[in-house]
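S.K.: Fold the following.
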Amino acid sequence: MVLFGPPRRLGKVEREILESMTTSDVLVGFVCSARSSRRMYKIAYERARARYRTRKVIDSLVAKGYVDQNGDLLTITDDGRRALENTVQKIRSSLASTVWDGKWRIVAYDIPATHSKLRDEVRYVLKKAGFHRLHHSVWIFPHDCHELIDLIKGDRRLKSCLLYGVLESIENDETLRTHFGVKV
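M.R.: Take a look at the predicted model:
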């Protein structure tokens, strides 16, 4: 074992993990057992990976010209709006042309009242894409729509307000299957 020598270069994820660990995180890690320390490391690693994936998606949207970035502020461009419209049309057409895989896609959002115009825009896009409202801010769709949700999340204000999930089944889904015209 070498005690001294040149420091090993850290990878991007390793740097993010170390940066995300506050002094209290480190203190708690030392105080807790080894098992707790491993759990803390795992949580920090997952947080760093999530930030890394988000950063990659934002970089991709900026590179494609769909989003402008000015420091921490992200705004959708005209090309981004057109891409969003094309994606909405593609998803809408998937209702008629795609065979249902038996899984439901759920989108839920909790957008603060201070951004009510933004909430209305999200609701409009989901309706236009063919989503069905289950509850106030919970919408459902029978086909893959991850691309649309990524475009919507391109707006920095929505990144933490919007959740996307895939459900294997949902109880009493007969009315939903009838609404969307899908068969098991």
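S.K.: which SS state does residue 88 fall under?
M.R.: helix (DSSP: H, G, I helix; E, B strand; the rest coil).
S.K.: now the residue lying closest to it once chain neighbours are set aside: how far from residue 100?
M.R.: Nearest residue to residue 88 in three dimensions, chain neighbours excluded: residue 129, at 4.5 Å (Cβ to Cβ, 6 or more residues apart in numbering). Using the backbone N, CA and C atoms, a C-beta is placed for each residue, glycine as well. Separation of residue 129 from residue 100 (Cβ to Cβ, to the nearest Å) stands at 16 Å.
S.K.: do residue 119 as well
M.R.: In terms of Cβ to Cβ, residue 119 sits 29 Å off from residue 100.
S.K.: So what's the residue count around the closest residue in space to residue 100 that isn't next to it in sequence?
M.R.: Leaving aside its chain neighbours, residue 100 sits nearest to residue 182 (3.9 Å; criterion: Cβ to Cβ, 6+ apart). By other Cβ atoms under 10 Å, the residues close to residue 182 number 18.
S.K.: What score does residue 182 have for pLDDT?
M.R.: Residue 182 carries a pLDDT value of 81.
S.K.: What spatial separation is found between it and residue 166?
M.R.: Distance from residue 182 to residue 166, by Cβ to Cβ: 15 Å.
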